[in-house]
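Student: no sequence on this one, just coordinates:
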């Protein structure tokens, strides 16, 4: 299976993502933001980081870069696209997934392990996953997911909420919401379920001795689903 | 021609920065503040001498990049 990771000026999780994808069997290529064409890929990943220094709004400049036209066309034709952290911010700014990511509610940069509940398995990213709660890592300043009431109704009706922040038992109380996101939303899908944006970093959880392996579970499952 | 645009957060969008500024003003003795909302101001010098055209151009920029219309409103405030 072939994947491509897009590097924007200021991306800093692109190589981590490359390591993770390669570890689990993807043939990965790195693609520069100024390129026009994507290599033949089964999966495109927009990595985390601080593209364009988070100027104007996080992800806003990167969403207008040259390669994004190809990414948008790839997504519109049904290709799998995943945006992690800053990649999620780029996805919302490009309009591929609904909503926006605001400054964290308590104005703190949050860097810690969290748990997410996977409720929605009717998509390629989480289908057949045998764990309901995963431990991932978050590191962001603008991860407070927000959308209008109309959009919220639409994404709920279309079953677009991919993962929720929860405790280790899967409870999605307000108290464990790290950043103020509506409904504890940590990741959402587009209507067609081929584009996933999420704040947590699965690529940081792929080594038993360093971090735990819930990221490994995610990537192995993803590869099996794409095969 | 210079065109200025102001981007503000929509009414029902939480503005934690504005809230902290409000609290700080309160602490400084400015007790008559009802609310603070933080926004952005742009001064754009465009290669266009027709005020209407210049305004339209900046309005297009606001829609496509400068503002995120899910959470923000924009207003062109002056041309000179």
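Tutor: Cool, the structure landed. What you see is a predicted model, and the numbers here were worked out from it, not measured in a lab.
Student: list the contacts for residue A:11?
Tutor: Taking CB atoms under 8 Å, 6 or more residues apart in numbering or on different chains as the criterion, residue A:11 is in contact with A:47-51, A:86. Just so you know, the C-beta spots here come from the backbone N, C-alpha and C atoms, and that holds for glycine as well.
Student: which residue ranges form the strands in chain A?
Tutor: For chain A, the strands defined by DSSP state E cover A:2-7, A:27-32, A:43-46, A:80-84, A:100-102, A:110-118, A:133-140, A:144-146, A:161-166, A:185-189, A:195-198.
Student: All the helices of chain B, in order from the start?
Tutor: For chain B, the helices defined by DSSP state H occupy B:16-27, B:51-61.
Student: contact partners of the last one?
Tutor: Meaning helix B:51-61. So helix B:51-61 is contacted by B:1, B:3, B:5, B:42, B:44, B:46, B:48, B:74, B:76, B:79 (CB under 8 Å, 6+ apart).
Student: Count the neighbours of the nearest residue to the fourth one once chain neighbours are set aside for me.
Tutor: Beyond its immediate neighbours in the sequence, the residue positioned closest to residue B:42 (CB to CB, 6 or more residues apart in numbering or on different chains) is residue B:5, lying 4.7 Å away. Residue neighbour count, defined by other CB atoms under 10 Å in any protein chain shown, stands at 21 for residue B:5.
Student: give the contact list for residue B:5.
Tutor: B:41-42, B:44, B:58, B:61-62, B:66, B:74-77.
Student: Let's have the residues you listed in a markdown table, adding pLDDT and neighbour count.
Tutor: What follows is the contacts of residue B:5, written out as a markdown table (pLDDT from 0 to 100; neighbours: other CB atoms under 10 Å in any protein chain shown):
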| residue | pLDDT | neighbour count |
| --- | --- | --- |
| B:41 | 96 | 10 |
| B:42 | 96 | 18 |
| B:44 | 96 | 17 |
| B:58 | 96 | 23 |
| B:61 | 97 | 17 |
| B:62 | 97 | 21 |
| B:66 | 97 | 20 |
| B:74 | 97 | 21 |
| B:75 | 96 | 13 |
| B:76 | 95 | 17 |
| B:77 | 88 | 11 |
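Student: Next step: these restricted to strands.
Tutor: Per DSSP E, strands hold the following members of these: B:41-42, B:44, B:74-77.
Student: ok, residue A:182 to residue A:59 distance?
Tutor: Taking CB to CB, to the nearest Å as the measure, residue A:182 falls 18 Å from residue A:59.
Student: More neighbours: which of the two?
Tutor: residue A:59 (30 against 18).
Student: want to try CSV for the strands of chain A, with mean neighbour count and mean pLDDT as columns?
Tutor: Below are the strands of chain A laid out as CSV (neighbours: other CB atoms under 10 Å in any protein chain shown; pLDDT from 0 to 100):
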stretch, mean neighbour count, mean pLDDT
strand A:2-7, 24, 98
strand A:27-32, 16, 98
strand A:43-46, 27, 98
strand A:80-84, 26, 98
strand A:100-102, 25, 96
strand A:110-118, 17, 97
strand A:133-140, 21, 97
strand A:144-146, 23, 97
strand A:161-166, 24, 98
strand A:185-189, 26, 98
strand A:195-198, 28, 98
